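Asker: Provide a 3D model corresponding to the input given below.
(chains A and B)
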Number of protein chains: 2
Amino acid sequence: MDWPSPIDLLGAAAGLLTTASFVPQVLKTLRTRQTRDISLVMWLAFCAGVLLWTVYGFLIEAWPVVITNVPTLALAGTILVVKLRNLKNE
Amino acid sequence: MDWPSPIDLLGAAAGLLTTASFVPQVLKTLRTRQTRDISLVMWLAFCAGVLLWTVYGFLIEAWPVVITNVPTLALAGTILVVKLRNLKNE
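Answerer: Numbers count the residues shown, from 1 in each chain, chains lettered A, B, ... in the order given. A predicted model of the protein is given here:
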């Protein structure tokens, strides 16, 4: 692999921000277990979309897209799981 | 512009899902005005990251990245604004 270009670094910064942004939401959700204000449909569609972004990034060889979407899927998936578990009580 | 390739269409599907996923969250947030379970830090960092993705997509000429991140910013920004307005009461 070549050294990352300035554009790659910009993509990495973008990915770091959007991926890391889910960490405080995951921590909050795991701590409070409260998901009443969180939309189920949003997190279902979002997880599906992030999966497709990963495949797309792989196909166009845009590595910031790939390596930021994989952890995003894990984080967003965690929120989705807590929401699904809470559904009966909401 | 050339006709979109299958890979472009995959990117468009990915973008449609992740962008459209915010619509139900925006509708829920505007309807209930409740944002207690939503993380402020997440939405601040997320909006900043989406802005950088837009610039990145423009620079690498990955049009699905650009045209899906612009509406995402508008939708996520709406949630952020409601959260910021509610901060005093949470």
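Asker: Could you list the low-pLDDT ranges of chain A?
Answerer: Filtered on pLDDT under 70, chain A yields the residue ranges A:1.
Asker: Let's check: the centremost residue of it is which one?
Answerer: residue A:72 (2.4 Å; C-alpha atoms, centre = their mean).
Asker: quick one: buried residues of whatever helix or strand it lives in?
Answerer: Using DSSP states H and E, residue A:72 sits within helix A:63-86. Within helix A:63-86, the residues that qualify as buried are A:63-69, A:72-73, A:75-80, A:82-83, A:86, counting by 16 or more other C-beta atoms under 10 Å in any protein chain shown. Quick note: C-beta positions are derived from backbone N, CA and C, even for glycine.
Asker: Centroid-wise, who is the farthest residue in chain A?
Answerer: Distance-from-mean max, chain A, by C-alpha atoms, centre = their mean: residue A:2 at 26.4 Å.
Asker: What is the distance between the helix holding residue A:72 and the centre of its chain?
Answerer: 4 Å (C-alpha atoms, centre = their mean, to the nearest Å).
Asker: by contact count, what packs against that helix?
Answerer: Taking 3 or more C-beta pairs under 8 Å, 6 or more residues apart in numbering or on different chains; DSSP states H and E as contact, the helices and strands that helix A:63-86 lies on are helix A:6-20, helix A:22-32, helix A:40-59.
Asker: Now do the first one and helix B:40-59, the angle between them.
Answerer: Translated: helix A:6-20. Taking axes from the mean of the first three to the mean of the last three C-alpha atoms, to 10 degrees, one finds helix A:6-20 and helix B:40-59 inclined to each other by 150 degrees.
Asker: With just CA atoms, put helix A:6-20 into CSV.
Answerer: Extracted in CSV, the C-alpha atoms of helix A:6-20 (Å, rounded to 0.1, in the frame of the first residue of the first chain):
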residue,chain,number,x,y,z
PRO,A,6,-3.7,14.2,2.0
ILE,A,7,-7.1,13.2,0.6
ASP,A,8,-6.8,9.8,2.3
LEU,A,9,-6.0,11.6,5.6
LEU,A,10,-9.1,13.8,5.1
GLY,A,11,-11.2,10.7,4.6
ALA,A,12,-9.6,9.1,7.7
ALA,A,13,-10.5,12.2,9.8
ALA,A,14,-14.0,12.1,8.5
GLY,A,15,-14.3,8.5,9.3
LEU,A,16,-12.7,8.9,12.7
LEU,A,17,-15.3,11.5,13.6
THR,A,18,-18.4,9.7,12.3
THR,A,19,-17.3,6.4,13.7
ALA,A,20,-16.1,7.8,17.1
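Asker: tell me which residues of that helix are tucked away?
Answerer: For helix A:6-20, by 16+ other C-beta under 10 Å, it's A:8, A:10, A:11, A:12, A:13, A:14, A:15, A:16, A:17, A:18, A:19, A:20.
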